[in-house]
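Undergrad: sharing a model that was predicted from the sequence below.
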Amino acid sequence: MRWKTLVANHRPEVLDHLAGRDEVHMGFADSGAHLRNMAFYNFPIRLLRRVNDAISSGKPFLSLERAVHRLTGELAAWFGVDAGTLRVGDRADVVVVDPRGLDASVDGYHEAPIPEFGGLSRMVNRSDRAVTATLVGGRVVFERGGFAPGFGETRSGRFLRAGEPRGTVSAPPRGVSTPEIAA
């Protein structure tokens, strides 16, 4: 038997208001903690869709740039982690989002087997049209709905520790400007 229930975010106007509040931490994405009963781990993409739709309808509640910063640089700064901005010399962990893919497809229901658990079927979110590529350490690890060859067989990134010094790549030559761009 399968049923549907409403667990949160059923008042869009309140959700829009909260998304713009500095006091609200925009970090909950579930990230796969639940296998069978809910799948909220594409929360960041769904937020970008809400923002994009509101802008398109002429009723913006947050700019797209501010939404991206709330999901990246703002969180990294709060946790004290060297991430969330694009600057020359930084490690290249990047998600490429195509705004044309921020559509109803990000809300779709999907299941996928977990080989490590004997093929147990789990709920998943697919954002293949929206997330066109993911790079870790400058290497493509996910593109066009699939993982890069060898993904999961070798280390792609590393654990980021709070308070670790910024800039994990050789610094640019002296005198080269390195403006910070909010990711």
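TA: Sure thing, it's come through.
Undergrad: how about residue 51: what's its closest non-neighbour residue?
TA: Nearest residue to residue 51, sequence neighbours excluded (C-beta to C-beta, 6 or more residues apart in numbering): residue 67, at 4.4 Å. In short, each C-beta sits where N, CA and C put it, glycine included.
Undergrad: residue 47 is in contact with the one you found, correct?
TA: Yes: between residue 67 and residue 47 there is a contact under C-beta atoms under 8 Å: 6.0 Å.
Undergrad: output the below-cut-off pLDDT ranges for this protein.
TA: Along the chain, segments meeting pLDDT under 70 span 28-32, 166-183.
Undergrad: which helix of it spans the most residues?
TA: helix 43-56 (DSSP state H).
Undergrad: buried residues, it. List them.
TA: 43-52, 54-55 (16 or more other C-beta atoms under 10 Å).
Undergrad: how about residues contacting it?
TA: With C-beta atoms under 8 Å, 6 or more residues apart in numbering as the test, helix 43-56 has contacts from 12, 15-16, 19, 26, 28-30, 60-64, 67-68, 71, 97, 99, 102-103, 106-107, 125, 127, 130-131.
Undergrad: which stretches of this structure form helices?
TA: Using DSSP H, helices in the chain cover 12-19, 43-56, 64-71, 73-79.
Undergrad: export those helices to a markdown table and tack on distance to residue 136?
TA: Shown next, in a markdown table, are these (distance: least, C-beta to C-beta, whole Å):
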| stretch | distance to residue 136 |
| --- | --- |
| helix 12-19 | 27 |
| helix 43-56 | 16 |
| helix 64-71 | 17 |
| helix 73-79 | 15 |
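Undergrad: so which of those helices comes closest to residue 151?
TA: Closest to residue 151 of these, according to C-beta to C-beta: helix 43-56, at 19.8 Å.
Undergrad: the closest one vs helix 64-71, what angle?
TA: 160 degrees (axes from the mean of the first three to the mean of the last three C-alpha atoms, to 10 degrees).
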